[in-house]
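In: Using only what follows, build the 3D model:
(one chain, ligands or ions: 3)
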Amino acid sequence: MDFISSKNIFLLTRDTLKLMDGRLMKHGSRVAYILYKMLQTWGGCEEFEMAEFAMLATLHDIGAYRTSDLMRPLSYETRDTLPHSIYGYLFLKHLSPFEDRAKILLNHHVSFMELADKGEKDYMTVTTFLSLAECVDVYREALGERFSVSSFRPFEGKRFSKQALDVLDETLAMEPLFDMIEMDQHEIELSELMDNLMFTNEEKKRYMEMIMFCLDFRSRMKVKDTATCISLCDQLAGEMHLDQRTQEMLYYGALIHDIGMLAIPKDIIESDRRLTDVEMERMREHVPITRRILESRLDPIVADIAARHHERSNGTGYPDGLDSKQMTVPEKILQLADAVTGMINDRPHRKGMPKEKVRQILEQEAQDRSFDPEIMKVFFDHFDQIVDTAIIQGQESLKPNAAVAARYEKLEKAMAKMKAK
Ligand SMILES: [Fe+2]
Ligand SMILES: [Fe+2]
Ligand SMILES: [Fe+2]
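Out: Numbering: from 1, shown residues only. Ligands and ions are numbered 1, 2, ... in the order given. Below is the predicted model of the structure:
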């Protein structure tokens with residue numbers, strides 16, 4: 001899969017999550033940098049492993065997007081630490097290629113002593129380094145000038161491992177870590193480190209799907225919509241016998257076409273009433289936002305497929321009012337698929353439309369030439385089969401997120417019980 005480099009997958013993931021809350025990703029970047037420098041001092045990892053751990057560290061609080069009040073980071077980082085640790089762990093374990101390494105997130109607020117008592121063995125060094133790096137950043141941000149790493153030493157062997165504290169001291173003696181952070185140089189170094197990421201095609205696919213699953217942090221409805229839309233695109237592209245590469249490009253364009261929605265307030269996305277003009281303007285911003293974050297990261301053909309999904313063949317679409325001649329077949333397929341998705345899936349103010357009504361509306365649209373006539377013909381020729389399959393595949397798509405939510409509830413109860421003992 002050469003539409004995106006491994007490094008750009010990292011940058012795209014970070015930029016996507018920044019759309020919801022920039023501060024959380026800034027904290028993630030600082031923690032990732034401190035961890036990276038500690039791992040470098042320690043010397044037990046290859047460059048590509050350090051890059052992968054730094055990527056994981058950037059995402060270490062990803063669960064907070066779902067579980068916590070993002071306005072109160074001190075609270076979920078210092079007192080109520082369980083929910084975001086558990087959700088982040090489950091999200092990455094089940095919806096990304098991090099799998100077993102996701103456990104590092106589960107334990108990032110657990111004390112060294114507790115981990116040692118539990119006999120925890122997997123990724124102990126990285127976990128204890130991350131745990132210290134995270135505290136350094138949280139307290140440094142909160143205390144400013146008054147912060148000193150020496151204040152952690154009394155907790156050696158209890159909250160923090162001796163090894164982590166020693167490695168941090170050694171690192172700080174060699175490198176002006178905090179000055180680099182103050183001058184925003186750490187992001188540049190992290191970005192250079194990410195040149196060492198080497199994902200397989202399968203991993204790239206799964207990371208791109210993880211980015212799509214992030215839509216769930218704002219709106220589960222959007223995850224289902226995306227899956228329905230992908231199914232419609234796949235089927236239409238198949239019936240039209242598009243070549244393999246074009247079909248793949250269409251798949252990735254459809255996968256992330258609404259990623260800019262993460263910047264739009266949930267009450268606008270899921271409004272159960274007609275949006276005001278101002279709200280509608282805000283909603284439409286998801287398209288230029290999608291383009292902005294995809295543009296420098298992804299193959300331009302795929303970025304165009306994604307960012308033109310609200311254009312129309314008769315020039316009435318947005319944001320650029322392009323006409324049919326200016327657009328490609330996969331772009332036009334996604335336009336139709338996205339519009340049909342909006343009709344067949346439930347909306348907060350109405351149930352999904354019956355097939356007959358969808359057909360009627362599309363016949364009108366065909367007269368207005370909103371969509372490409374050739375694609376419309378293929379769609380009408382296989383209408384029932386395509387719509388029925390898309391509805392089923394849309395419902396199926398909710399299973400992974402729902403399974404993560406169910407496991408989260410179970411695990412949270414079990415861990416809260418253990419803590420109460
Ligand atoms: Fe954190
Ligand atoms: Fe945390
Ligand atoms: Fe959209």
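
In: Touching, residue 287 and residue 311? I think so.
Out: No: with contact defined as CB atoms under 8 Å, residue 287 does not reach residue 311; the gap is 9.1 Å. C-beta here means a position set from N, CA and C on the backbone, and glycine is covered the same way.

In: and the biggest helix by length in the chain, what does it pack onto?
Out: Scanning the chain for the helix with the most residues, using DSSP state H, yields helix 383-420. Judged by 3 or more CB pairs under 8 Å, 6 or more residues apart in numbering; DSSP states H and E, the packing partners of helix 383-420 are helix 82-95, helix 220-239, helix 329-344, helix 355-368.

In: Mutual contacts of residue 287 and residue 311, please.
Out: Taking CB atoms under 8 Å, 6 or more residues apart in numbering as the criterion, residue 287 and residue 311 both touch residue 318.

In: Name the residues of the longest helix of the chain that are buried.
Out: Residues of helix 383-420 classed as buried: 386-387, 389-391, 393-394, 397-398, 400-401, 404-405, 407-408, 411-412, 415 (neighbour count, 16 or more other CB atoms under 10 Å).

In: Is stretch 32-45 in proximity to ligand 1?
Out: No: Stretch 32-45 does not reach ligand 1 (CB under 5 Å from the ion); its nearest approach is 10.5 Å.

In: which non-adjacent residue is nearest residue 87?
Out: Nearest residue to residue 87, sequence neighbours excluded (CB to CB, 6 or more residues apart in numbering): residue 63, at 3.3 Å.

In: circling back to that earlier point, and the longest helix of the chain with helix 329-344, angle?
Out: Taking axes from the mean of the first three to the mean of the last three CA atoms, to 10 degrees, one finds helix 383-420 and helix 329-344 inclined to each other by 70 degrees.

In: what separates helix 383-420 from the chain centre, distance-wise?
Out: 17 Å (CA atoms, centre = their mean, to the nearest Å).

In: In the stretch 101-250 of the chain, what residue comes closest to ligand 1?
Out: In the stretch 101-250 of the chain, the residue that lies nearest ligand 1 is residue 134 (4.5 Å; CB to the ion).

In: hmm, back to that, for residue 170, which of the helices and strands packed on helix 383-420 is the nearest?
Out: Nearest to residue 170 among those is helix 82-95 (27.6 Å), distances taken as CB to CB.

In: So which elements touch the closest one?
Out: Packing partners of helix 82-95 (3+ CB pairs under 8 Å, 6+ apart): helix 64-67, helix 103-106, helix 201-213, helix 383-420.

In: Can you lay out the ones you listed as JSON lines showing distance to ligand 1?
Out: Below are the helices and strands packed on helix 82-95 laid out as JSON lines (distance: least, CB to the ion, whole Å):
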{"stretch": "helix 64-67", "distance to ligand 1": "8"}
{"stretch": "helix 103-106", "distance to ligand 1": "10"}
{"stretch": "helix 201-213", "distance to ligand 1": "19"}
{"stretch": "helix 383-420", "distance to ligand 1": "18"}
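
In: so what's residue 395 closest to, chain neighbours aside?
Out: Leaving aside its chain neighbours, residue 395 sits nearest to residue 224 (7.3 Å; criterion: CB to CB, 6+ apart).

In: Would you mind confirming that that neighbour is in contact with residue 394?
Out: Yes: counting by CB under 8 Å, residue 224 touches residue 394, with 5.0 Å between them.

In: Are there residues contacting both of those two? Which ones?
Out: Common neighbours of residue 224 and residue 394 (CB under 8 Å, 6+ apart) are residue 345.

In: what about residue 259, distance to residue 244?
Out: For residue 259, the distance to residue 244 (CB to CB, to the nearest Å) stands at 24 Å.

In: scratch that, residue 13 is what I was asking about
Out: Taking CB to CB, one finds residue 13 at 26 Å from residue 244.

In: what does residue 132 give?
Out: Residue 132 sits 48 Å away from residue 244, going by CB to CB.
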